[in-house]
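Visitor: what follows is a predicted protein model with its sequence.
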Amino acid sequence: MSTPPDPRHHQPYGRPAHPMHPYGPPPKKNGAKTALIVGAVLTGLCVLGSIIAAVRGTGTPAAKTSAPAGHQVRFEATAQSGRLTMVNWSILEDASVETDPTSPWTKTVTLETAAGLVGINASGTGTVTCRLLVDGKVVDEGSSEGTVNCSRVLSS
């Protein structure tokens with residue numbers, strides 16, 4: 001008389017059992033998609049924090065820069081390794097996400113309003129640097145491993 005098969009080792013469709021994962025190995029993760037999601041979440045948190053600070057008036061004087069309508073905003077991002085995975089930039093009227101952009105990356109836009117939040121979030125391999133310029137003046141810059149944010153609340 002034979003013993004019945006152990007149901008813990010039964011596999012559908014005749015696939016062999018995997019000792020740690022009864023239904024086969026786990027799926028591979030997509031690192032670029034994860035970086036994009038993390039970058040978008042971080043950008044959202046930075047934008048929300050900047051808006052709250054502007055509404056409450058708790059921003060430091062250095063956090064506010066005067067920029068009348070029609071002035072230029074330049075976003076810059078570089079990766080020390082030469083590989084950016086994602087750049088997300090935004091102004092009050094417009095925003096965009098670019099995946100796998102060439103490093104160094106730049107974007108120049110014209111403000112349609114005198115006040116608002118402008119920002120950039122960049123992700124890449126190694127040290128990533130961002131710079132935010134209004135009318136040719138650097139108003140924020142930063143460097144970090146993997147992901148970096150630069151933002152500024154512009155007031156009239």
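Guide: Cool, got the structure. This structure is a prediction, so every number in the text was calculated from the model and none was measured.

Visitor: can you show me the helices along the protein?
Guide: All helices of the chain, identified by DSSP state H, fall at 31-56.

Visitor: now the strands: where do they sit in it?
Guide: Counting by DSSP state E, the chain has strands at residues 64-66, 72-79, 84-91, 94-99, 105-110, 116-134, 137-155.

Visitor: would you list those in TSV and tack on mean neighbour count?
Guide: In short, each C-beta sits where N, CA and C put it, glycine included. Converted to TSV, the strands of the chain look like this (neighbours: other CB atoms under 10 Å):
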stretch	mean neighbour count
strand 64-66	15
strand 72-79	21
strand 84-91	23
strand 94-99	13
strand 105-110	14
strand 116-134	22
strand 137-155	17
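
Visitor: any chance of the ones you listed in a markdown table, plus mean pLDDT?
Guide: Listed next are the strands of the chain as a markdown table, based on pLDDT from 0 to 100:
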| stretch | mean pLDDT |
| --- | --- |
| strand 64-66 | 45 |
| strand 72-79 | 93 |
| strand 84-91 | 92 |
| strand 94-99 | 88 |
| strand 105-110 | 91 |
| strand 116-134 | 92 |
| strand 137-155 | 92 |
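
Visitor: my guess is Leu132 contacts Val73, does it?
Guide: Yes. Using CB atoms under 8 Å, Leu132 is in contact with Val73, at 7.3 Å.

Visitor: now for Val73: which residues touch it?
Guide: 67, 91, 108-111, 118, 132-134 (CB atoms under 8 Å, 6 or more residues apart in numbering).

Visitor: determine which two of those are furthest apart.
Guide: Comparing all pairs in the contacts of Val73 by CB to CB, the longest separation belongs to Thr110 and Leu132, at 14.8 Å.

Visitor: about what we covered before: turn the contacts of Val73 into a markdown table, columns for distance to Ser144.
Guide: Shown next, in a markdown table, are those (distance: CB to CB, whole Å):
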| residue | distance to Ser144 |
| --- | --- |
| Ala67 | 25 |
| Ile91 | 22 |
| Thr108 | 23 |
| Val109 | 24 |
| Thr110 | 28 |
| Leu111 | 26 |
| Val118 | 19 |
| Leu132 | 15 |
| Leu133 | 19 |
| Val134 | 22 |
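
Visitor: which one among the residues you listed gets closest to Leu154?
Guide: Nearest to Leu154 out of the contacts of Val73 is Ala67 (CB to CB; 4.4 Å).
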